[in-house]
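> pasting the sequence and the predicted model now:
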Amino acid sequence: MIIKGTKVSNGYAIGKVKVIHNQEILVSHKKVDDVIVEFNRVKKAVENVVDKIKEEKILVENRLNYNELRIFDAHMTMAEDPEILSMIKLNIEKDHTSAEFAVKKVFDDVINTFKASDKEYFRQRATDVEDIKRKILCQLLKIEEINLDTITDKVIIASHDLTPSQTARLNQENTLGFITEAGGLTSHSAIMAKSLEIPAVLGLKDVLNYVNDGDEIIIDSEEGFIIVHPTEEEIKAYEKKIKLKKVYQEKLSLIKSLATTTLDDKSMTLASNIGNLFDFEKALEVNSDGIGLFRTEFIFMDRPELPTEDEQFEIYKKVLSKMKSKKVIIRTVDIGGDKSLDYMRLPKEMNPFLGLRGIRLCLKHPEIFKKQIRALLRASIYGKLCIMFPMISTVKEFLEAKKMVDETKKELKKEKIVVSKKIEIGMMVETPAAAILSDKFAKYVDFFSIGTNDLVQYTLAADRMNEHVSNLYQPLNPSILKLIKMTIDNAHQYKKWVGVCGEIASDKYAALLLIGLGVDELSMNVSNLLYIKDIILNTSYKDLKHIASRVLMLDTEKDVMEYLIDHCDI
Ligand code: PEP
Ligand code: MG
């Protein structure tokens with residue numbers, strides 16, 4: 001039997017199920033005499049909970065990234081929230097209710113408010129509040145919390161929902177994977193599963209009606225489904241998949257330290273796209289030649305307010321210093337389009353992808369932009385910083401953004417803060433206007449990075465998120481190839497370098513074609529980097545140039561694909 005859900009991490013697992021029941025803790029309405037003693041019990045329980053959360057944070061410190069670790073801080077703040085505590089106190093004083101009853105009542109009100117929100121982010125936070133409530137109640141009632149790190153058999157955990165702290169406590173050695181009925185992509189359990197690299201499928205409706213303790217299942221978190229009571233053939237097929245994945249990964253790990261050069265010694269920069277410090281650690285693990293795109297908007301997302309200058313500075317400093325002499329392209333925040341910030345309360349737009357996004361939003365909100373530029377410039381002395389602006393469509397925009405950098409440099413100088421003299425300033429080429437006028441832009445920029453994800457949607461007028469026009473979303477359409485070629489030639493004429501950081505850089509055929517067209521850098525999701533490196537190491541640049549010149553003569557994407565498949569046989 002196959003049950004479909006939401007895939008939140010990669011990998012496969014085969015194993016026996018261990019069902020975890022997070023039953024509601026029952027609390028009866030009991031009257032108390034001494035309200036002071038009763039409230040002191042709450043304060044003590046909260047103190048113990050905070051200590052417990054601190055312990056949990058230490059447990060996973062090395063496995064989670066900066067933003068994920070902040071979840072624990074948020075939980076501690078929530079447990080100690082003075083407003084919640086004063087409401088609990090009020091409840092105890094007013095009705096002489098027990099500490100347990102007051103805690104349950106007040107937290108349930110908060111949970112229901114979160115659940116009723118029309119914003120997914122806040123709805124998902126209800127589980128976090130539930131987590132705190134349960135912890136405080138367990139302390140008050142002296143109930144042992146379900147501790148997943150004590151599970152000693154290798155099992156697949158099945159539950160209605162896992163709280164973030166339970167997910168963090170999953171013992172990686174013994175947890176083959178986990179499945180839940182609730183939970184979506186943005187739940188904290190999902191985010192943690194991904195970072196902890198535990199195969200997981202969430203949102204499996206009513207799955208606990210179909211699986212019991214000891215049942216055998218397969219998790220396919222590459223596709224987002226589970227197989228209950230798999231047949232022998234299915235088990236064999238998945239054992240093979242697991243084995244093949246392992247063998248291939250071992251082979252790839254052998255090429256990490258090699259320089260990225262083709263068979264005929266053309267060297268390439270193979271960089272990583274990152275969105276947070278966790279991705280960054282992975283980029284370091286695969287020894288990537290640089291960071292080709294740091295999507296800083298992810299530092300701004302999944303949190304209740306804007307990050308401060310110092311918070312940003314620490315992150316940029318860490319990345320720059322660890323990359324040493326390798327280039328780090330940090331893109332200024334690209335909010336708008338599909339990436340919104342609930343706390344900014346931006347007006348709804350009819351066409352968000354054509355609206356206030358990327359550099360447009362930054363120029364309109366200089367207070368946000370300035371803070372980021374200050375953080376970047378302060379961090380610049382720790383490595384080789386390249387600042388990149390997103391969504392540029394006119395030369396004026398680029399110059400305005402650059403002016404902000406120059407002015408901020410002067411400001412910092414006055415404050416006696418040292419800034420590197422070698423910062424490169426470049427831009428994304430992701431609008432047709434930028435590609436068509438790349439000869440003009442090339443005079444002012446230090447580099448271009450072609451963002452094909454957007455360039456394709458704007459050129460073919462096909463929304464990158466709309467499945468109804470996905471047939472028109474053609475990354476290898478000759479129109480795109482022409483814009484890419486034009487950008488590369490114009491950049492090289494002005495001795496500027498060009499990278500590609502859109503998704504196509506990690507596609508085997510597209511990557512080879514881009515190299516043949518003359519790009520200097522390919523930047524991609526870390527998980528594909530060694531795969532592409534392996535291919536580059538086994539290819540001749542001379543051949544690729546020839547292939548690219550032929551491909552440029554073709555009329556349709558289909559022709560391009562067929563030609564590449566026939567001629568890039570690696
Ligand atoms: C792009 O548009 O190709 C790109 C890399 O930017 P993003 O996917 O973040 O819009
Ligand atoms: Mg883009």
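Great, that's in hand. Residues are numbered from 1 along each chain as shown. Ligands and ions are numbered 1, 2, ... in the order given.
> partner strands of the strand ranked longest in the chain, parallel or antiparallel?
Identified as the longest strand of the chain according to DSSP state E is strand 12-20. According to DSSP bridges, strand 12-20 forms sheet pairs with strand 155-159 (parallel), strand 216-220 (antiparallel).
> any buried residues in the last one, and which?
When you say that, I think you mean strand 216-220. 217-220 (16 or more other Cβ atoms under 10 Å). Backbone N, C-alpha and C define where each C-beta goes, glycine included.
> now it, how far from the centre of its chain.
Its chain's C-alpha centre and that of strand 216-220 lie 26 Å apart, by Cα atoms, centre = their mean, to the nearest Å.
> name the SS class of L293, please.
strand (DSSP: H, G, I helix; E, B strand; the rest coil).
> returning to that earlier point: most widely separated two among the buried residues of strand 216-220?
By the measure Cβ to Cβ, I217 and D220 form the most distant pair in the buried residues of strand 216-220, at 10.2 Å.
> what's the overlap in contacts for these two?
226-227 (Cβ atoms under 8 Å, 6 or more residues apart in numbering).
> show me the contacts for the residue nearest to Q474 when sequence neighbours are not counted.
Spatially, and ignoring its direct neighbours in sequence, Q474 is nearest to E557 (4.2 Å; Cβ to Cβ, 6 or more residues apart in numbering). Contacts for E557 (Cβ under 8 Å, 6+ apart) come out as 474-478.
> which parts of the top helix by length along the chain are buried?
Longest helix of the chain, by residue count under DSSP state H: helix 35-60. Neighbour-count burial for helix 35-60 flags 35, 38-39, 41-42, 45-46, 48-50, 52-53, 56-57, 60 (criterion: 16+ other Cβ under 10 Å).
> and the contacts of the helix or strand just after it?
Of the helices and strands lying after helix 35-60 in sequence (DSSP states H and E), the nearest is helix 66-79. Identification of contacts with helix 66-79 by Cβ under 8 Å, 6+ apart yields 46, 49-50, 53-54, 56-57, 60-61, 84, 128-129, 131-132, 135-136, 164-165, 168, 188, 191-192, 195, 276-278, 298-299, 302-303, 315.
> least trustworthy helix or strand in the chain by mean pLDDT?
helix 188-195 (a mean of 70; mean pLDDT, DSSP states H and E).
> give me the next element, helix or strand, following it.
The helix or strand immediately downstream of helix 188-195 is strand 200-202, counting by DSSP H and E.
> leaving aside the residues adjacent along the chain, what's closest to E430?
G451 is the one closest to E430 (Cβ to Cβ, 6+ apart), at 3.4 Å.
> the one you found against V498, yeah?
No. With contact defined as Cβ atoms under 8 Å, G451 does not count as touching V498 (11.8 Å).
> and G177, that's in a helix?
No. According to three-state DSSP, G177 belongs to no helix; its state is strand.
> nearest to ligand 2, out of the strands paired with strand 12-20?
strand 216-220 (30.2 Å; Cβ to the ion).
> other residues contacting the closest one?
So strand 216-220 is contacted by 11-17, 156, 176-177, 179, 199-201, 211, 226-230, 234-235, 238 (Cβ under 8 Å, 6+ apart).
> buried ones among the residues you listed?
Counted by 16+ other Cβ under 10 Å, these give 11-15, 17, 156, 176-177, 179, 199-201, 211, 226-228, 230, 238 as buried.
> quick check, pLDDT for the residue lying closest to Y563 once chain neighbours are set aside.
Nearest non-adjacent residue to Y563, counting by Cβ to Cβ, 6+ apart: V551, 5.7 Å away. pLDDT for V551: 98.
> for V551, grab phi and psi.
When read as degrees, to the nearest 10, the backbone of V551 gives phi -60, psi -40.
> follow-up on the earlier one: export only the CA atoms of the longest strand of the chain, formatted as PDB.
The C-alpha trace of strand 12-20 is given here as PDB (Å, rounded to 0.1, in the frame of the first residue of the first chain):
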ATOM      1  CA  TYR A  12      15.300   6.200   1.500                       C
ATOM      2  CA  ALA A  13      14.700   4.000   4.600                       C
ATOM      3  CA  ILE A  14      13.500   0.500   5.100                       C
ATOM      4  CA  GLY A  15      12.500  -0.600   8.600                       C
ATOM      5  CA  LYS A  16      10.100  -1.400  11.300                       C
ATOM      6  CA  VAL A  17       7.700   1.200  12.700                       C
ATOM      7  CA  LYS A  18       7.800   2.500  16.200                       C
ATOM      8  CA  VAL A  19       4.600   4.500  16.900                       C
ATOM      9  CA  ILE A  20       4.900   7.400  19.300                       C
END
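> ranges for the helices of the stretch 151-300 of the chain?
All helices of the stretch 151-300 of the chain, identified by DSSP state H, counting those that start in this stretch, fall at 164-169, 188-195, 232-253, 277-285, 297-300.
> pLDDT on stretch 168-186, on average?
Stretch 168-186 comes out at a mean pLDDT of 78.
> how about G383, nearest residue that isn't a chain neighbour?
Nearest to G383 is L320, by Cβ to Cβ, 6+ apart, at 3.0 Å.
> actually D206, not the one I typed
In space, D206 is closest to E181, 6.4 Å off (Cβ to Cβ, 6+ apart).
> who's in contact with that neighbour?
With Cβ under 8 Å, 6+ apart, E181 has these contacts: 159-161, 203-208.
> ok, the residue nearest to K440 when sequence neighbours are not counted - contacts?
Closest residue in space to K440, ignoring its immediate chain neighbours: V395 at 5.6 Å, by Cβ to Cβ, 6+ apart. Applying Cβ under 8 Å, 6+ apart to V395 gives the contacts 437, 440-441, 444.
> repeat that for T163.
22, 127-128, 130-131, 134, 189.
> hang on, E24 is in a strand, isn't it?
No. Applying three-state DSSP, one finds E24 to be coil, outside a strand.
> tell me, how many neighbours does it end up with?
10 (other Cβ atoms under 10 Å).
> next, work out how far apart it and D108 are.
10 Å (Cβ to Cβ, to the nearest Å).
> show me the chain divided up by domain.
23-141, 263-567 (automatic domain parsing).
> what's near enough to touch the residue in the stretch 301-450 of the chain that ligand 1 sits nearest to?
For the stretch 301-450 of the chain and ligand 1, the shortest gap (Cβ to the nearest ligand atom) falls at E430, measuring 4.5 Å. By Cβ under 8 Å, 6+ apart, E430 lies in contact with 390-391, 450-455, 458, 502.
> also within reach of ligand 1: list those from those residues.
451-454, 502 (Cβ under 6 Å from any ligand atom).
> could I get these as CSV with pLDDT?
Compiled in CSV, the ones next to ligand 1 among the contacts of E430 are given as follows (pLDDT from 0 to 100):
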residue, pLDDT
G451, 96
T452, 95
N453, 91
D454, 94
G502, 91
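> could I get the residues you listed as CSV with distance to ligand 2?
Converted to CSV, the ones next to ligand 1 among the contacts of E430 look like this (distance: Cβ to the ion, whole Å):
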residue, distance to ligand 2
G451, 4
T452, 9
N453, 5
D454, 4
G502, 7
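> next one: phi and psi at the nearest residue in space to T556 that is not next to it in sequence?
Nearest residue to T556, sequence neighbours excluded (Cβ to Cβ, 6+ apart): P478, at 7.0 Å. Main-chain torsions, P478, degrees, to the nearest 10: phi -50, psi -30.
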